[in-house]
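1. I would like to see how this sequence folds:
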Amino acid sequence: YKANFGWQMIAVPKHAMAIVNVPVSEGKSHRQYVMNSQTGAWCEFEGINAVSWAVLDGTAYFGGIDGKVYQAFESASDGGSDIAGDMLTAYDDFGAKSRLKHWKMIRPVIYSQSSVSPQIGLNVDYVEAAPSGSIEAATTSASRWGHMTWGSFTWYGGLRLSAKWRPITDRIGYVGAVRMKVFASGSGSPVLLQVNQFDVTYEVGGVM
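-> Predicted structure coming up:
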């Protein structure tokens, strides 16, 4: 996409972001590769058709392909729609390279402003698979997410810690990666969702 108009790099210190704006199809489709400037971790934004970005008084704005100016990252709405988050960790051999593993259970450890029940699963041997289970949009209230009740309690700053084991079915392979999907409600204030770790149980097969 190097010849397309719309490439830009910009820092948004308020949200600890460094944004690289990529014009996939000039005037039609743009995406952003975004680095957390505190941790160095990267993610990708899709569906934000931003021709250009600017920061005013700490708040980020972008110009859309429709000629309008939009405010970014200040609400839980994507133009009135829910904001979707889709996460895939790095693949890991779990300390047993070249040996089959049978994964049994998984526990995401998450801080948020409400109880959390995302879609979650395990991808095996580099085969992409969508996480399973029903899901509801997150809100900034203490309302319940998803299709099951999680054990949770209030922690620092009014945040809740959600950490409960869930079963993994039919996952046998050499390497695995956690796949998780969440939604933020299309209204209200931004939702804070902090993923800290994933705990996984598994059995290691013998050498043949």
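2. and stretch 91-102, end to end?
-> 15 Å (C-alpha to C-alpha, to the nearest Å).
3. average pLDDT across that stretch?
-> Averaging pLDDT along stretch 91-102 yields 92.
4. how about stretch 194-208?
-> Average pLDDT, stretch 194-208: 86.
5. got a list of contacts for it?
-> 87, 89, 94, 96, 99-112, 122, 159, 165, 168, 176, 178, 180 (C-beta atoms under 8 Å, 6 or more residues apart in numbering). Any C-beta I mention is one placed from the backbone N, CA and C, and that applies to glycine too.
6. flag every buried residue along that stretch.
-> Using 16 or more other C-beta atoms under 10 Å as the test for burial, stretch 194-208 gives 195, 198, 200, 202.
7. any idea how far the first one is from Gly85?
-> This means Val195. 9 Å (C-beta to C-beta, to the nearest Å).
8. go ahead and build a PyMOL selection from the buried members of the contacts of stretch 194-208.
-> Entered in PyMOL, the line below selects the buried ones among the contacts of stretch 194-208, by 16+ other C-beta under 10 Å:
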select buried, resi 87+100+101+103+106+107+108+110+111+112+122+159+168+176+178+180
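9. which ones among the contacts of stretch 194-208 map onto strands?
-> Counting by DSSP state E, the members of the contacts of stretch 194-208 that fall within strands are 87, 101-112, 122, 176, 178, 180.
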